[in-house]
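K.L.:
Return atomic coordinates for the entry below.
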Amino acid sequence: METPVKHYKFINSRTDNVIYYHSLESNLSPEQVREKLETLKAQVARNNGVFLDTIYWEEIKENED
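P.N.:
Model prediction:
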């Protein structure tokens, strides 16, 4: 049986462009999710050459395209 996952997108707030997608297991605690997403946010900022403060993440809901 597969573990359910939650999907997240990382967005550049200056351009409103999604610059990275990531999935995490849904059985993680909220603290673990936040820790993992904040670590990824730093990597995404570095890999895309943008300031850390210009990137934010949000969960992708099922009804989104």
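
K.L.:
so where do the strands sit in this protein?
P.N.:
For the chain, the strands defined by DSSP state E cover 5-12, 17-25, 55-60.

K.L.:
and the angle for the second one with strand 55-60?
P.N.:
What it means is strand 17-25. 50 degrees (axes from the mean of the first three to the mean of the last three C-alpha atoms, to 10 degrees).

K.L.:
neighbouring strands for strand 17-25, and are they parallel or not?
P.N.:
Sheet partners assigned to strand 17-25 using DSSP bridges are listed as strand 5-12 (antiparallel).

K.L.:
Let's see the strand it pairs with as PDB, backbone CA atoms only.
P.N.:
The C-alpha coordinates for strand 5-12 follow below in PDB (Å, rounded to 0.1, in the frame of the first residue of the first chain):
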ATOM      1  CA  VAL A   5       1.600  12.300  -0.200                       C
ATOM      2  CA  LYS A   6       1.100  16.000  -0.100                       C
ATOM      3  CA  HIS A   7       2.300  18.200  -3.000                       C
ATOM      4  CA  TYR A   8       3.900  21.600  -2.600                       C
ATOM      5  CA  LYS A   9       5.000  24.400  -4.900                       C
ATOM      6  CA  PHE A  10       7.700  26.900  -4.300                       C
ATOM      7  CA  ILE A  11       6.900  30.400  -5.700                       C
ATOM      8  CA  ASN A  12       9.000  33.400  -6.500                       C
END
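
K.L.:
Can you point out the buried residues in that strand?
P.N.:
Buried positions in strand 5-12, judged by neighbour count with 16 or more other C-beta atoms under 10 Å: 8, 10-12. Just so you know, the C-beta spots here come from the backbone N, C-alpha and C atoms, and that holds for glycine as well.
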